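Asker: Sequence below, structure please.
(one chain, ligands or ions: 1)
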Amino acid sequence: MSEPSPRFWEVFFELYEGLPRQGPGNRGCADEALGLCRDLASSPAVLDLGCGVGCQTIHLVELLPSAVITAIDSHAPSIARLRETVAERGLGERVRPMVGDMAKPEMLPESIDLVWSEGALYNIGIENALRVCHALLRPGGYLAFTDAVWRKGDPPPKVKASFDLDYPTMGRIPDVLAAIDNGGFVLVGHFTLPDEAWWDDFYSPMERRIEVLRGKYAGDAEALAVLNQLAQEPEMHRRHSDYYAYEFFVARRAMGGGGP
Ligand SMILES: C[S@@+](CC[C@H](N)C(=O)[O-])C[C@H]1O[C@@H](n2cnc3c(N)ncnc32)[C@H](O)[C@@H]1O
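Answerer: Okay, here's the model as predicted:
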C-alpha cells in the first residue's frame, strides 16, 4: 500500500480540523466513564492525550468542575483551535492546551490523577501507551481511554483493509484487558460506545462537511477523489459496524507503586 499523497493529507486535514471532534465519543460516554472513577481526587490533575480540537476536553471541564486539564496533541492546528475555544470560554485557568508527543509527555512522573484519552493511545501502540500512562499516574490514579476493537472475526476485506491502514494491530476486548493487566493496572470497568457516539458529533458532521467541500472543490478531480475516499468511512460504519466497536476502558494504576 503506497503512502497517501500530500493532496490527500491537505484535504483530510481540511475536513477533520473543521469537525467538532476527530473520533467517536460523546458527553454521555465521558460521564459514564467518569462515574467509574469513584475515588478520584477532589481537584484532580487531568491529562487528555491526543485531545484533537478538544471536544472531550470541554466535556471534562464541565463534568469535573475543580479539575485542571492539560490537553496534548501532536497536530498543532488542533491545539490552535482548542486554544481559541479556551479563550472564547474564559477557561484559561482550567485547560492548558499543548502541542506535544504523547509518547514523551513533558510532565513529572506520578503527577497525574486521571489520564484520559479518546481514540488516540493506539497511535503509539497500546502497550507503550500504557507504560507512559503508568509512569505519569500517581498510584491509585485512573486511566480512562477508548480503543477500537474487533467485535467478531472474518470482517469483509474492505473493512479489514480500512483498519489495517490505520490500526493494523487492533485486537478484541480480551486483548486490551490483558494489556491493561500486564501494564500494572487494575480494570475498573468497560463499556461499548453506542451508535450515536459515532454519528452525532463525528460522522454526521463529517458527511455534511464532505458535501460542503465537494461544492468548494467542484472541478478539482484530485480533491473530489480524496473526498470520495474519505466518505467511505462513515458509509462503511453504516453497513458493517457489527464487525467493530469503540470500547471505553477505565483502569486504575495499582496501589502498590511497582512498575508493570
Ligand atoms: C482519532 S483522533 C481523536 C481526537 C480526540 N481525542 C477525539 O476523540 O475527538 C486521534 C488524535 O491523536 C493525535 N495524535 C496522534 N499521534 C499522537 C502523538 N504521538 N502524540 C499526541 N497526539 C497524537 C492526532 O493528532 C489526533 O488528534
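Asker: Model confidence for the residue nearest to Ile126 when sequence neighbours are not counted, exactly?
Answerer: The shortest distance from Ile126 to any non-neighbouring residue, by Cβ to Cβ, 6 or more residues apart in numbering, is to Ala179 (5.2 Å). C-betas here are computed from N, CA, C, even on glycine. Looking at Ala179, its pLDDT reads 98.
Asker: Would you double-check that Ala179 falls in a helix?
Answerer: Yes - under DSSP: H, G, I helix; E, B strand; the rest coil, Ala179 falls within a helix.
Asker: surely it meets Glu127?
Answerer: Yes - look at Ala179 against Glu127 with Cβ atoms under 8 Å: they come within range, at 5.6 Å.
Asker: If you count surrounding residues, which of these two has more?
Answerer: Ala179 (20 against 13; other Cβ atoms under 10 Å).
Asker: Which helix or strand contains Gln56?
Answerer: Following DSSP states H and E, the helix or strand that holds Gln56 is helix 55-63.
Asker: Can you give me the buried ones in that helix?
Answerer: Residues of helix 55-63 classed as buried by neighbour count (16 or more other Cβ atoms under 10 Å): Cys55, Gln56, Thr57, Ile58, His59, Leu60, Val61.
Asker: Check stretch 84-102 too.
Answerer: For stretch 84-102, the neighbour count (16+ other Cβ under 10 Å) marks Thr85, Val86, Leu91, Arg94, Val95, Arg96, Pro97, Met98, Gly100, Met102 as buried.
Asker: Check the residues you listed against the ligand and report the nearest one.
Answerer: Met102 (3.7 Å; Cβ to the nearest ligand atom).
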